[in-house]
Every structure is written in structure tokens, then in C-alpha cells.
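> Give me a model of this one.
(4 chains)
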Number of protein chains: 2
Amino acid sequence: MGIDCRYCPLHKKDAFVTMTREELEFMQKFKVGELSVDPGTTILMQGSNSPQLYTVLSGMGIRHKSLDNGERQVINFVFPGDFMGLQAGMLGEMGHSVEARTHMRMCVFNRSDFWTFFRSNPSRAFDITWLAAIEEHFLGETLATVGQRTALQAVSWAMLKFFERGMGLGLVTNNTMTLPFTQRDLADALGLSLVHTNKTLAKLRDQQLASWSDQVLQVNDLDKLADVAETERSKPAKRPLM
Amino acid sequence: MGIDCRYCPLHKKDAFVTMTREELEFMQKFKVGELSVDPGTTILMQGSNSPQLYTVLSGMGIRHKSLDNGERQVINFVFPGDFMGLQAGMLGEMGHSVEARTHMRMCVFNRSDFWTFFRSNPSRAFDITWLAAIEEHFLGETLATVGQRTALQAVSWAMLKFFERGMGLGLVTNNTMTLPFTQRDLADALGLSLVHTNKTLAKLRDQQLASWSDQVLQVNDLDKLADVAETERSKPAKRPLM
DNA sequence: CGATTAATTGAACCTGGTCAATCGGAGTGG
DNA sequence: CCACTCCGATTGACCAGGTTCAATTAATCG
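As a prediction, this is how the structure comes out:
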């Protein structure tokens, strides 16, 4: 069944803070099951009050927010290890939706246990807040990208983030990783039009900085890409896993 | 001295969740002082690891992030009741700076007490996470604005948010509130140029939707403004106060 | 009174958006 | 197996929302 946290495929990856046996057992008590969904499935719905919280075990997805005028903003991209549903858990309402882009498998927790969880293990509660702070940090950087960078810089930045994230998760082989998103997803994430995103990707490909086609992203020189994006490469950091 | 939490000017305002006497006494134990700064002062510095955390008692400021290319993104605007320094507290490094725009007074907590604080009162720890979730929620909306809305919609949205925030804090009198920010601050918050921001504000003024000049914002019809911004007016919500 | 900062306005220009057409691959029904 | 459709990627032509440059005004300050 793959329900036992000790065999969780994630907690030994070096992208995550090492968990003690006690922590694993503690999490086990709150895990109520696993959820598998197909690509395209909406896992959490904007405005809804999900009774469940999830940690992504495998697969990828997007968080996005729909505006009243029909436009869509992709808030960020979901990777294994990401925790989803905090807004519903705390505020009682999701500010965005989460949609699967590949087949996804998730670890499921009950929202009704959340308070008990939070109270009975301050250290794990602390980790939840840690994750929230990471999220806030990253959203700030995204906002700076969308607000201040040119299309070329923004797309480079996004490719860099994808790649760095992929490396931490061991998804990169031969300077290559699988990215199941569409160009429309990226365009909506960066506040660019689809057409211009496409042309900008083509330019990055021409300049041998990053090539993304057929769901495969290849980057040979991360430093050069970071230069174009006018960013620093971020040092690999461990984050807690729920 | 104004050090006693029982006389805190904020906790009875209806923008905040009511605090019990026990909670006030608990916070009192961790409060190590107050900080007063003049306009223009940098309170927290991007990249630094502040030894202190703050709750704003009075005054306003901005959070902003500087990019490598010299551009600046204003992440959001700081109002009374806002909690600052969580990123330093959790991640050991601020992702943005905080700069005062008026004279500001803050309640000061020591970062070194943070873990003790978190562990000894789960309910207050929960509230910290709540605040982080609110922040994430709001950043998502900001991102959607910068990424998807036109200049006119974005500026309208910002004026609406200012006003809604001001109403909750009792800063609005006669459809009017004081806003100590510059047009450059707003431009950098919305990813617009200063010139275009100025012209857009003029348009809002001409159309009698919102008038902001000489530090005073006046809005007579919030619904009309929300229409132009293509947003819903948000219902007044209480948030926890640290 | 010169210096600095914020707001304002006009004009030229350009990055990125919109429109539209094409192409290839995957799925579907006959 | 073919015709048809749908979706994502791609490309060219045209256009506009917003940027940049530049100059002016007004207020504040030492």
C-alpha cells in the first residue's frame, strides 16, 4: 500500500531536513491515507474549504488563481515534498486552486486533526510555519520577477528555478529534467502572453542558454543562465517535509 | 512608557481578534521593549538576520526587495498590527527590507525567545502561522494584480486595498485617509513606471473614482472602484495580533 | 537661496500583446 | 485505416499599453 512513512520515498532526499524516527512515527499517526490523481485533476479549489491537507509524494502540478475577468495567474509550481492546503487549514478558504499536471500521489491529512497536530508537537508546528515562511519568501521573489524583470530575464529566472528545484529532488540527469507544464502555464506564471513566452523560449534555445521542448528542460550552464536572469544562483537549502 | 500590553492601542480595534487577559499577559512576558523610528529608517534589512521581531503599534512603512539590476519591488505596505521579521525568525535571513514611511512605533520581541514562545503557547504559535497564511494569501492576490491586471485596474485595486485596510484600522474619516507613501512606492509595488502611475492616478481622479494627493486618499464609492479593478470587495476579517 | 525630492505633463519610442494562420501529435469515431 | 477534431507549439504582421526621456513646477530644507 505504501502507507508506511518509514518507506516514504522523500524523507531521505537531501532536499529535506532529516526526520527522526520519532517524527516519522508522529506523522504516521496523522496520515489518513494516500490520494492518487490523473493529470488535469483539480486537487484543491479556490474559495473552497478543503477538509484535507496534502503533502506531495510524487508528480507535479500548478497553483493558480482565477480572476473575475477570466484571466489566470499561476502562483507557483508544485513539486514533490510541497505541502498543500495550509490556507484552507488556517483561513478556512483557499486563495488559489491546485491542479495536477502529471499523475500525482499525495499523503493525506485531515484538517480536523490539524489543531491537535499543532498542539501536540511544537517542533512539527514550527516546521509548518517554516514552510509558510519559505513560501512567502519565494512569492516575494516571484513578485519581483513579474514586476521588474524583462521577458527574457523572467523566463531565464523561471528555468533556473525549475532546474534548481529539480536538482534538489534528484530529477536532473545529464543536465536534463522533465517538465510537464505547458507554455501557457509559464506565460500565466510570469504575466506574459503565450506568444511572447514562446518567442522568448525560442531565443533562450537559440542562445544555448536553456532548451525546453517536448516536456524536457536542458540547461548546460546554470551560471550563464543566472547571469541573463540577473539573479544569484541560490545555494541548496534543506526544507522540512510534512 | 507605554510598555504595558493591557494599554496597547491596538488589541481592542475590531480589525483584530480579541485577546484574553491571559494572552495579553503571555505576550507581555516576551515583549522586551519598544522601538521608535523616524520616516525613512530601515527597520529590517534584506539579507540580514535580525535579532528582533516586531509588531507595528503605529505608523506605516513598506517592505521592498532590491534586485541585482538595481530595480526595486515593493512587496507590500506595512500598517499597524503587522508582524515583521518572521522570515528572519524562521529562515535566518530576510528576503526583503522594511522601511518606515512615517514615524513608527513598534513592539519588540527577541528572536532568541522565539522558540520558547512557540513551544510554550501552541495557540499563539498557531496565530503566527495564521499570519503567515494571510500574508501568503495576500501576496498571491498581489501577484495576480501585477501579472494580469492593466495599469488602471492595478492602481484601482491598490487604492481599494489601502482603503479597506484603513477602514479596519479606523483610519478613515469622511471617506478620507492619510497615505504617507510616494507614487514611486506605488509604481514599484505594481511593476509600473512612475510616469504611468502618475497618469493613471490622474485618470482615477478625473473619473471621480479615487483621489490621492498630498498624502490624502479619498474614495467615495468603493463599489465603483472595485468594479474598475475587476475585484470583489473583501469582507472585513479579523486577524490575530502579536 | 541653491539643492533636493515629489508630482506632473508632453512626445517619441519599444517591449510585449493581439490577431491569425499553420503544423504536428494524440485521440476518436466510422 | 482514414477523416476529423482538439490541443499545444510556432511564426509573421500589426498594434498599443506602458516606458523612457526630458522639462517644469512646487515644496521642503539647511
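> And the residue of chain A that's closest to DNA strand C?
A:H196 (3.1 Å; Cβ to the nearest atom of the strand). No exception for glycine: its C-beta is placed from N, CA and C like everyone else's.
> can you pull out the strands in chain A?
Using DSSP state E, the strands found in chain A span residues A:31-37, A:42-44, A:52-58, A:61-66, A:72-78, A:83-84, A:97-100, A:104-110, A:176-178, A:211-213, A:216-218.
> what about those, which gets the closest to A:F138?
strand A:72-78 (6.8 Å; Cβ to Cβ).
> which other helices and strands contact the closest one?
For strand A:72-78, the elements it packs on are strand A:61-66, helix A:122-148, helix A:183-190, helix B:122-148, judged by 3 or more Cβ pairs under 8 Å, 6 or more residues apart in numbering or on different chains; DSSP states H and E.
> Domain map for chain A?
Using automatic domain parsing, the domains assigned to chain A come out as A:5-121, A:143-229.
> got those domains as CSV, with mean pLDDT and mean neighbour count columns?
Shown next, in CSV, are these (pLDDT from 0 to 100; neighbours: other Cβ atoms under 10 Å in any protein chain shown):
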stretch, mean pLDDT, mean neighbour count
domain A:5-121, 96, 18
domain A:143-229, 98, 19
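> returning to what we had before: who's in contact with the residue lying closest to the residue of chain A closest to DNA strand C once chain neighbours are set aside?
Once flanking residues are discounted, A:H196 sits nearest to A:A151: 5.8 Å by Cβ to Cβ, 6 or more residues apart in numbering or on different chains. By Cβ atoms under 8 Å, 6 or more residues apart in numbering or on different chains, the contact set of A:A151 is A:190, A:192, A:196-197, A:200.
> most centrally placed residue in chain A?
A:V78 (2.6 Å; Cα atoms, centre = their mean).
> Quick check, that residue in contact with A:S58.
No. Using Cβ atoms under 8 Å, A:V78 is not in contact with A:S58, being 11.2 Å away.
> For A:E22, which of the helices and strands packed on strand A:72-78 is the nearest?
helix A:122-148 (9.6 Å).
> so how far is that closest one from its chain's centroid?
Between the centre of helix A:122-148 and the centre of its chain there are 11 Å (Cα atoms, centre = their mean, to the nearest Å).
> How about stretch A:171-181?
Worked out by Cα atoms, centre = their mean, stretch A:171-181 lies 15 Å from the chain centre.
> Pull up the distance across it, start to finish.
15 Å (Cα to Cα, to the nearest Å).
> Give me every residue in chain A lying close to DNA strand D.
A:182-184, A:194-195, A:198-199, A:201-202, A:213 (Cβ under 7 Å from any atom of the strand).
> B:R6: which of those is nearest?
A:R184 (54.8 Å).
> List the residues that contact the residue nearest to that closest one when sequence neighbours are not counted.
In this structure, A:R184 finds its nearest non-sequential neighbour in A:L194, 5.3 Å apart by Cβ to Cβ, 6+ apart. Counting by Cβ under 8 Å, 6+ apart, A:L194 makes contact with A:183-184, A:187.
> right, so of the strands of chain A, which gets closest to B:T173?
Smallest distance to B:T173 across these (Cβ to Cβ): 33.6 Å, for strand A:61-66.
> Relative to that closest one, what are the paired strands and their orientations?
strand A:72-78 (antiparallel), strand A:97-100 (antiparallel) (DSSP bridges).
> Tabulate the ones you listed (TSV), appending distance to B:A15.
Shown next, in TSV, are those (distance: least, Cβ to Cβ, whole Å):
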stretch	distance to B:A15
strand A:72-78	26
strand A:97-100	28
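> For DNA strand D, what's its nearest residue on chain A.
Counting by Cβ to the nearest atom of the strand, chain A gets nearest DNA strand D through A:Q183, at 3.4 Å.
> so that residue touches A:A202, yeah?
No. With contact defined as Cβ under 8 Å, A:Q183 does not reach A:A202; the gap is 10.5 Å.
> Which of the contacts of A:A151 fall in helices?
Among those, the ones falling in helices (DSSP state H) are A:190, A:196-197, A:200.
> TSV for these, including distance to A:W115?
What follows is the ones in helices among the contacts of A:A151, written out as TSV (distance: Cβ to Cβ, whole Å):
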residue	distance to A:W115
A:L190	37
A:H196	46
A:T197	42
A:T200	46
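> Can you tell me which of those lies closest to B:D68?
Nearest to B:D68 among the ones in helices among the contacts of A:A151: A:L190, at 17.9 Å, using Cβ to Cβ.
> quick one: contacts for the closest residue in space to the closest one that isn't next to it in sequence?
Counting by Cβ to Cβ, 6+ apart, A:A154 is the residue found nearest to A:L190 once chain neighbours are left out, at 4.7 Å. A:A154 makes contact with A:145-146, A:190, A:192, A:229, according to Cβ under 8 Å, 6+ apart.
> 10 Å instead?
By Cβ atoms under 10 Å, 6 or more residues apart in numbering or on different chains, the contact list for A:A154 reads A:142, A:145-148, A:186, A:189-192, A:197, A:200, A:229.
> Dump the residues you listed to JSON lines, plus distance to B:S123.
JSON lines is the format used below for those (distance: Cβ to Cβ, whole Å):
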{"residue": "A:T142", "distance to B:S123": "32"}
{"residue": "A:T145", "distance to B:S123": "37"}
{"residue": "A:V146", "distance to B:S123": "36"}
{"residue": "A:G147", "distance to B:S123": "36"}
{"residue": "A:Q148", "distance to B:S123": "39"}
{"residue": "A:L186", "distance to B:S123": "41"}
{"residue": "A:A189", "distance to B:S123": "36"}
{"residue": "A:L190", "distance to B:S123": "40"}
{"residue": "A:G191", "distance to B:S123": "39"}
{"residue": "A:L192", "distance to B:S123": "44"}
{"residue": "A:T197", "distance to B:S123": "46"}
{"residue": "A:T200", "distance to B:S123": "48"}
{"residue": "A:A229", "distance to B:S123": "42"}
